[in-house]
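# just to be clear, the model below is a prediction. Sequence and coordinates:
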Amino acid sequence: MLRLCSPSPTPMNIFYVYPRLISIRPIQSEGQEIRQPGESTVYQAVGNEQGPISPIAVDYDAVYIIPKRNTTQHHNTSPTIPSVLRSATPASNAAPLNFGVVQFVSLEVTMLLLLLLLVSPLLAVSINQEGLFLQRVKQGFDDPTGALSNWNDRDDTPCNWYGVTCDPETRTVNSLDLSNTYIAGPFPTLLCRLHDLHSLSLYNNSINSTLPADISTCQSLEHLNLGQNLLTGALPSTLADMPNLRHLDFTGNNFSGDIPESFGRFRRLEVLSLVGNLMDGTLPPFLGNISTLKQLNLSYNPFAPSRIPPELGNLTSLEILWLTQCNLRCPDELYNNSLSGGLPAGMRNLTTLRLFDASTNELDGTIPDELCQLPLESLNLYENRFEGKLPESIADSPNLYELRLFQNRLSGVLPKDLGKKSPLLWLDISYNQFSGAIPASLCSKGVLEELLLIHNSFSAFRRGAGWILGTSTRILTELAHNLFSGQIAKTIASASSLQLLIIWKNSFSGTIPDEVGGLENLVDFSGSDNQFSGPLPASIVNLRQLGKLDLHNNKLSGELPSGIHTWKKLNMLNLRNNGFSGNIPKEIGTLSILNYLDLSENRFSGKIPDGLQNLKLNEFNFSNNRLSGDIPSLYANKIYRDNFLGNPGLCGDLDGLCNGRGEAKSWDYVWVLRCIFILAAAVLIVGVGWFYWKYRSFKKAKRAIDKSKWTLMSFHKLGFSEYEILDCLDEDNVIGSGGSGKVYKAVLSNGEAVAVKKLWGGSNKGNESDDVEKGQIQDGFEAEVDTLGKIRHKNIVKLWCCCTTKDCKLLVYEYMPNGSLGDLLHSNKGGLLDGQRARVADFGVAKVVDTTGKGPKSMSVIAGSCGYIAPEYAYTLRVNEKSDLYSFGVVILELVTGRHPVDAEFGEDLVKWVCTTLDQKGVDHVLDPKLDSCFKEEICKVLNIGILCTSPLPINRPSMRRVVKMLQDVGGENQPKPVKKDGKLSPYYHEDASDQGSVV
């Protein structure tokens, strides 16, 4: 069949039939003058047994009959073939065929033309020019699946052919999609003859050539997808010459070399994907010139190691940037680097940002609220060091489907509306410090597939325990290592798609509901380290997809259900440390892929089934049960010894097990030894208890004897006895220790508290003369104490009574619950507070200590605390009123300076430091800076009084009466002057200053 053109202005395709014509094949042209370069190809028509016919010329737009050249006939005019043999496409402006020499049509050809004209009305079937192009494309492909079988040249147009889409008005081809058709062959540039072709997709085929440079002739092309083919070589630079190209996808080919510099000239390109090729040049900075680019995916290419060009920051319309495994040093916004610090400010300006992944870095700080306010679809910040709370604004993202924040330091509660507005599919916030309840809205969209909350401190569900498990779309639920409690809700039955239920290390309790057996897709049930109790539900054997069942460290009991043989995919069974009983089911031996079995620390009894030898167990444990009989021969090996210990009736040729045939005589011997040991321990405990009781009785009796030796001297009406005081002299009741003794707090039977001071000094064993001396000392002590007991003053702590023996002396004082002046300053000394009124304790105790006989003869008892002791005590060992006055002066200096009486800061006592600092630096360096400077004059006067009281010579110290008068005159005209440190008489020394200064 040959196609001729109608001579009418309106093109009409006509097919002519010649009886001897069978096929056509390309031949060399009969003369160069018969071809228009680039348009015509000459074919030889092959006839039947009657021989060949004249050659024909096939133009892309028309077919011409060419008679054989007759060299004897030449004309300068046009050939006799009618001038109607013109192009069928008026737009092509094809001119009539000009042979250039005179040709004559043979009679045979003339008859053929006449015959074809006669029969043409009966055979008017045609295909347009675009169909012819596609036919030639088809001929260049290997089509193993017959995807192009309906590309029939008998059709008027190719618009109904597979993969072809035409414009509904012009009926021209504008889209060709042959994706996934398995066609093979070189890339057909002939497709660029389809002038209205806007979209071309040959995705996932076997196009196995280089990409020709003349692909740029596809000027109308907007979408080009050649991904997942076998294209090789360099990318042609002419691709940038296609002005309308918006989408360019060469994923999964073998392109190599550099990205052409011409790519920077794209003006409308929005998507550029070169994933998975062999591009080995550097990542060019000119890609930043493609201002319209929205997606740039260059992942998995062996680029030369370099930093990502900063020019990519010019891509203001960019929404997705994928540069995974490209040998690049990544900027801050990309994952799996060593980035540190916080996320930068100003992220609110990324209004088109949809996917953000800064995972696997060392970023810290808080997650910016402005980041969560963006219309994100995916947020990945896992494996960093973020801390603080998750911003509430993340719950307002309407398109958020992925949120992965695991392995950070985030804390607080989750936003209460999380999931309410977002179609969450995947939520993973494991290994953080979140707490509180899981939001009730988390599954409100009903599409949540993965929920991972491992290793947090969640404690409750807002709708009752287990509600979140009961969603039909759930595939994975991991709530391990939290603080959840309560029972697994029966609504879990609605989670028909659940595959992983991981809730180990929580506080779930109660029985495992029967509804768990309805989770037909469950693969992993890990509920260890909880408080489940009761038997396993019989329905659990319906979990035919179960691969792992781990319920160790619970309180489960009863026998294992029958029907375990249905767990054909089970490879791990761990029921350790529960209360299961009964026989080990023989059905376990039919679980062919089981490789981990731990039934230890239960109450299983009977024999170990021989069928377990059929399993290929990598690890097993039957220890600490009540099993008996022989160990299966396969496991009677010393390396398995520990796996069978703790079973009294289990026998085998292993240490620690009986070696008889099911006999357990040695176990009886063990029980006898145990009983003996228990009896011996009981006797020992009873004996120790008896000796302790005797010891306590002896101590009480001794104390009763000792109590009879005490003498009570009371100075007020008492509501207690000396025995109550003595019972409280325990080291646990010590509240202080000073220079004169140790102080105890004694709580009496009536609820009142007193302070008991035990004066320093022990027993002295000697001869009879010593006893006479002790009697004299005792009389002097009692006289002094009697004087102290009669003192009644509002500023002196009341002395209730005195308890004495010849070896110990106790003074019982009124208890001051508000502490001491030292508590307000810095140390625990004798000045006590009663409300806001100062009260003096240990009044006159110095003389009492002296009367004990220790003062003038021994340094074993020091009358005073370090820093408060008058200097003369070091060589006189005498205490008197002047010693108390010195101590009073030290207290005044403490008040004014705010310093300790002895401080390592100045390396000496407070008195010497004050005098030295006054002479060298002045008064401002002595006064406590916390004191109000408005009263500096009065403070200086008090300071001078303290210096006067701490004069090194006792004779220079005024009487207490004089001190009181000077304190009363502070602020008046009498201003004391500083004492000289040379030891001479003070200006304040006068005739009434005596060694026996009186006490007011």
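Good, I have the coordinates.
# wouldn't K421 be in contact with S397 here?
Yes. The criterion here is C-beta atoms under 8 Å, and K421 meets it with S397 at 7.2 Å. To be clear about C-beta, it is placed using only N, CA and C from the backbone, and glycine gets the same treatment.
# which of these two has more neighbours?
It is S397, of K421 and S397, that has more neighbours when counted by other C-beta atoms under 10 Å, with 20 against 16.
# which stretches of the stretch 51-200 of the chain have low pLDDT?
51-126 (pLDDT under 70).
# let's see that with 50 instead.
In the predicted model of the stretch 51-200 of the chain, residues 51-106, 119-125 satisfy pLDDT under 50.
# which ones are touching the residue most central in space within the chain?
Centroid check for the chain by C-alpha atoms, centre = their mean gives Q407 as the closest residue, at 2.0 Å. Applying C-beta atoms under 8 Å, 6 or more residues apart in numbering to Q407 gives the contacts Y382, E383, N384, S430, Y431, N432.
# now with 6 Å?
Shown in contact with Q407 (C-beta atoms under 6 Å, 6 or more residues apart in numbering): Y382, E383, Y431.
# ok, now how distant is it from G388?
15 Å (C-beta to C-beta, to the nearest Å).
# ok so the residue nearest to the centre of the chain is a helix residue?
No. Assigned with DSSP: H, G, I helix; E, B strand; the rest coil, Q407 falls outside any helix and is coil.
# okay, it: pLDDT?
Here, the pLDDT recorded for Q407 equals 95.
# separation between it and E478?
Going from Q407 to E478 by C-beta to C-beta gives 14 Å.
# follow-up on the earlier one: quick one: the residue nearest to the centre of the chain and I429, what's the gap?
Shown here: Q407 relative to I429, a distance of 10 Å by C-beta to C-beta.
# kindly report the same for N301.
34 Å.
# ok, now G342?
G342 is 19 Å from I429, by C-beta to C-beta.
# more crowded one of the two?
The residue with more neighbours, out of G342 and I429, is I429; 23 against 13, by other C-beta under 10 Å.
# quick one, what contacts the nearest residue to the more buried one once chain neighbours are set aside?
Among residues not flanking I429 along the chain, L405 sits closest, at 4.9 Å (C-beta to C-beta, 6 or more residues apart in numbering). Going by C-beta under 6 Å, 6+ apart, L405 touches L381, Y382, I429.
# quick check, nearest of these to L718?
In terms of C-beta to C-beta, no member of these lies closer to L718 than I429, at 68.5 Å.
# tell me the confidence at the closest one?
On the pLDDT scale, I429 gets 93.
# if I look at it, how far off is F691?
For I429, the distance to F691 - C-beta to C-beta - is 60 Å.
# again with T916
With distances taken as C-beta to C-beta, T916 is found 63 Å from F691.
# neighbour count: those two, which is higher?
T916 (14 against 10).
# just to be sure, the more buried one is in a helix?
Yes. Read with three-state DSSP, T916 is one of the residues of a helix.
# ok, now which ones touch L323?
L323 makes contacts with L298, as judged by C-beta under 6 Å, 6+ apart.
# what segments of the stretch 351-500 of the chain are strands?
Using DSSP state E, counting those that start in this stretch, the strands found in the stretch 351-500 of the chain span residues 355-357, 362-365, 378-380, 385-388, 402-404, 409-412, 426-428, 433-438, 450-452, 457-461, 476-478, 485-486, 500-502.
# let's have those strands in TSV, adding distance to F508.
Shown next, in TSV, are the strands of the stretch 351-500 of the chain (distance: least, C-beta to C-beta, whole Å):
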stretch	distance to F508
strand 355-357	35
strand 362-365	35
strand 378-380	30
strand 385-388	29
strand 402-404	25
strand 409-412	24
strand 426-428	21
strand 433-438	14
strand 450-452	16
strand 457-461	11
strand 476-478	13
strand 485-486	7
strand 500-502	11
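# ranking those strands by mean pLDDT, which is last?
Lowest mean pLDDT within the strands of the stretch 351-500 of the chain: strand 476-478, a mean of 77.
# in a helix, F691, correct?
Yes. Residue assignment for F691, taken from three-state DSSP, places it within a helix.
# using CSV, write down the CA coordinates of stretch 731-745.
Provided in CSV are the C-alpha atoms of stretch 731-745 (Å, rounded to 0.1, in the frame of the first residue of the first chain):
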residue,chain,number,x,y,z
GLU,A,731,24.5,11.1,121.9
ASP,A,732,21.5,11.4,119.6
ASN,A,733,20.2,14.3,121.8
VAL,A,734,23.4,16.4,121.7
ILE,A,735,22.6,19.9,120.3
GLY,A,736,25.9,21.6,121.1
SER,A,737,29.3,21.6,122.6
GLY,A,738,31.2,24.5,124.1
GLY,A,739,34.3,25.3,126.2
SER,A,740,32.6,24.3,129.5
GLY,A,741,30.7,21.2,128.5
LYS,A,742,28.3,19.4,126.2
VAL,A,743,24.6,20.3,125.8
TYR,A,744,21.8,17.9,125.4
LYS,A,745,18.1,18.5,124.6
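# list the buried ones in that stretch?
Neighbour counts over stretch 731-745 (16 or more other C-beta atoms under 10 Å) mark G736, G738, G739, S740, G741, K742, V743, Y744, K745 as buried.
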